[in-house]
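K.L.:
Have a look at this prediction, sequence included:
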Amino acid sequence: MKDLRQIIAKNIAELRSEARITQIKLAEALNYSDKAVSKWERGEAIPDVTVLKSIADYFGVTVDYLLESEHRGETVQTRALLRMKRRNRIFITAISVLLVWLCATVAFAVLYSLGIPFRSWLVYIYAVPVSLTLLLVLNCVWGRRRLNYLIVTFLMWSLILSVYLTLIEYNMWLLFVVGAPAQVILCFVPGIRFIRYNRHGGDNT
């Protein structure tokens, strides 16, 4: 069992190093803590079968790869798969955001052609929170979850700005005052840690 622990530990550490990601990034992708990943890489604990499958899928290898001490040229393939996955994610994110701004441009053109040019530029203001919401969703799926704090911060202030500019004749500057305590609360959110337990009652923090 000790040998198997060391083999799994070595493989996880090597795959993570080749992918150039931190223990925190891997932990976030697996919904575990960086302490758990650290234990796996030191051989102090073995991930259960479902976690091993998640790790294998994340790095584009088989579960057998994680259990074997010798590999036959699979590392090069793994590196290529990871690069391709990163490029695809960046491409999908960029195309999605560009589509939002394309829709905003079409909306602006339609409003202007209909003879409603008054404040039609607001569609571009509205495109900002829409883009940030899209980025938040995509980042939750495959990005660094620690970036969610920054995205949510910009999202909150862009929403406040959108409402303010929409109702500018009512001089609703107090919205920015409300945003201040909300920003303070957001500052403390990244520091909150949650204790997770697996099915057998073990602590996964």
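P.N.:
Alright, I've got the coordinates. All values derive from a computational prediction rather than experimental measurement. Residues are numbered from 1 along each chain as shown.

K.L.:
Number of residues surrounding the closest residue to residue 58 other than its chain neighbours?
P.N.:
Among residues not flanking residue 58 along the chain, residue 29 sits closest, at 5.7 Å (C-beta to C-beta, 6 or more residues apart in numbering). For glycine as for every other residue, the C-beta is placed from the backbone atoms N, C-alpha and C. Applying other C-beta atoms under 10 Å, we find 18 residues neighbouring residue 29.

K.L.:
same check, this time on residue 147
P.N.:
13.

K.L.:
thinking again about what came up before, could you check which helix or strand contains the residue nearest to residue 58?
P.N.:
helix 23-30 (DSSP states H and E).

K.L.:
Next, the distance between the ends of stretch 15-27.
P.N.:
14 Å (C-alpha to C-alpha, to the nearest Å).

K.L.:
about what we covered before: tell me how far the residue nearest to residue 58 lies from residue 22.
P.N.:
11 Å (C-beta to C-beta, to the nearest Å).

K.L.:
The chain - how does it break down into domains?
P.N.:
Under the assignment automatic domain parsing, the domains of the chain span 2-72, 89-191.

K.L.:
Contacts only, for residue 154.
P.N.:
By C-beta atoms under 8 Å, 6 or more residues apart in numbering, the contact list for residue 154 reads residue 132.

K.L.:
In three-state terms, label the residue lying farthest from the centre of the chain for me.
P.N.:
Distance from the centre of the chain peaks at residue 115, with 41.5 Å (C-alpha atoms, centre = their mean). Under the three-state scheme (DSSP: H, G, I helix; E, B strand; the rest coil), the conformation of residue 115 reads as coil.

K.L.:
quick one, phi psi at it?
P.N.:
phi 80, psi 30 (degrees, to the nearest 10).

K.L.:
Equivalent analysis for residue 68, please.
P.N.:
Dihedral angles (degrees, to the nearest 10) for residue 68: phi -100, psi 140.

K.L.:
Distance to residue 83 and mean pLDDT added to the domains of the chain, as TSV?
P.N.:
As requested, the domains of the chain are exported to TSV (distance: least, C-beta to C-beta, whole Å; pLDDT from 0 to 100):
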stretch	distance to residue 83	mean pLDDT
domain 2-72	9	86
domain 89-191	11	87
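
K.L.:
what's the most buried one of those?
P.N.:
domain 2-72 (a mean of 16; mean count of other C-beta atoms under 10 Å).

K.L.:
In three-state terms, label residue 119 for me.
P.N.:
coil.

K.L.:
Going forward, count from 107.
P.N.:
OK, 107 is where the count begins now, so the last one is residue 225.

K.L.:
In contact with residue 278, which residues?
P.N.:
Residue 278 touches 269-270, counting by C-beta under 8 Å, 6+ apart.

K.L.:
measure it to residue 269 for me?
P.N.:
Residue 278 is 7 Å from residue 269, by C-beta to C-beta.

K.L.:
swap in residue 245?
P.N.:
24 Å.

K.L.:
Residue 156 too?
P.N.:
Relative to residue 269, and taking C-beta to C-beta, residue 156 is found at 44 Å.
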